[in-house]
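# Give me coordinates for this.
(one chain, ligands or ions: 4)
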Amino acid sequence: MPSDLHIHTTASDGRLSPQEIILSAIKAKLSYIAITDHDTVSGLQQVSNINTGNLSVISGIEFSTDYPEYEIHILGYNINIYNTQLQQTLDILVSDRQKRAERILAKLKKLGFIVGYDQVLRIAGTASAIGRPHIARALVEKGYFKSVSQVFEQLIGYNGPAYEPHYKLKVPDAINLIKNAGGKAVLAHPGLTNNIEVIQWVIENGIDGIEVYHPTHTTDQEQFFLQIAKTNQLFITGGSDYHAIPGRYPEKLGEYTIPDSLARMLNAAQE
Ligand code: AMP
Ligand code: FE
Ligand code: FE
Ligand code: ZN
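Ligands and ions are numbered 1, 2, ... in the order given. Take a look at the predicted model:
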């Protein structure tokens, strides 16, 4: 049976709630899923008491890290979501995201696009980690743009006129935070960086695994990352990076999966 180790929910910028993700995963007959929201574990806290039957839910997270020129995302698996150091760091990241959203709104206002913070909060709903996608949806709702991707292209994409960064951890700090919370740290979608020196540097900093399988990777990239993982004796993981956004592949949970054996190996490492 298949598994999916990279899923976002309404706790960050996904469109389905953690409860809905679990129902979809059971319907798609998945064995293991990992909920990996950006900068928060609040989605996992919402479903910690749910009986998921044959479905195993792995506690995960995804950090964007502070690295010049490259987008390095670090996934954490089987973390203790109640670890004090983790909770304290997440509080800082989440509150900085709120301030950053207000900075983006101020920039937008100067550019003539009026969006209220209350409108963004309403769209974000139960999300702990407010992100650019919530702001983009507010601009679409107001009729300024036709689509979220149009907003990214014209205003809030990296280096766009209303772009503002959020506070990010350094790569070694993200890796150590995950490990100190009892988890395994995995380099997310290395195809995004696609730079062997950067990947090597992340490995030197103690990464435990590589996300070999991701919807954006070509078959050649998969083979290349697989080789790197094997050479360095790292866990091999993969997932759909599901956000449940119409028009963004995969639109349904279960459309992009990995073999259970990979999820089992990652889980077996848990003491
Ligand atoms: P943030 O973490 O607030 O900086 O927002 C990053 C998130 O925005 C990513 O995780 C994606 O889900 C989403 N995103 C990034 N680029 C685009 C894009 N061009 N179109 C739509 N969504 C995007
Ligand atoms: Fe996202
Ligand atoms: Fe990512
Ligand atoms: Zn992701």
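# Can you dump the C-alpha atoms of the top strand by length along the chain in CSV for me?
Assignment by DSSP state E gives strand 56-64 as the longest strand of the chain. In CSV, the C-alpha atoms belonging to strand 56-64 read as follows (Å, rounded to 0.1, in the frame of the first residue of the first chain):
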residue,chain,number,x,y,z
SER,A,56,-0.5,5.8,10.7
VAL,A,57,0.0,9.5,11.1
ILE,A,58,3.6,10.7,11.5
SER,A,59,4.2,14.0,13.3
GLY,A,60,6.1,16.2,11.0
ILE,A,61,7.0,19.8,10.2
GLU,A,62,8.6,21.8,7.4
PHE,A,63,11.0,24.7,8.0
SER,A,64,12.2,27.2,5.4
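# Taking the chain centroid, which residue in this structure is the extreme one?
Most distant from the centre of the chain: Gly112, at 30.9 Å, with distances by Cα atoms, centre = their mean.
# I'd guess that one is in a strand, am I close?
No - assigned with DSSP: H, G, I helix; E, B strand; the rest coil, Gly112 falls outside any strand and is coil.
# distance of it from Asn159?
Using Cβ to Cβ, to the nearest Å, one gets 19 Å for the distance from Gly112 to Asn159. In this view, the C-beta of every residue, glycine as well, is placed from N, C-alpha and C.
# Now find how far off-centre the longest strand of the chain is within its chain.
Relative to its parent chain, strand 56-64 has a centroid offset of 8 Å by Cα atoms, centre = their mean, to the nearest Å.
# Likewise for stretch 192-200?
Taking mean C-alpha positions (Cα atoms, centre = their mean), stretch 192-200 and its chain are 19 Å apart.
# what do you get for stretch 43-53?
Centre-to-centre, stretch 43-53 and its host chain are 19 Å apart (Cα atoms, centre = their mean).
# what comes up buried for it?
Gly43, Leu44, Gln46, Val47 (16 or more other Cβ atoms under 10 Å).
# Can you name the residue of the stretch 51-200 of the chain nearest ligand 4?
Glu62 (4.8 Å; Cβ to the ion).
# For ligand 1, what's the nearest residue on the stretch 101-250 of the chain?
Gly131 (2.9 Å; Cβ to the nearest ligand atom).
# for this protein, which spans come out with low pLDDT?
Low-confidence segments of the chain (pLDDT under 70): 271.
# tell me which parts of it are close to ligand 1?
Asp13, His38, Ser64, Gly131, Arg132, Pro133, Val148, Ser149, Phe152, Gly157, His166, His243 (Cβ under 6 Å from any ligand atom).
# All set now, cheers.
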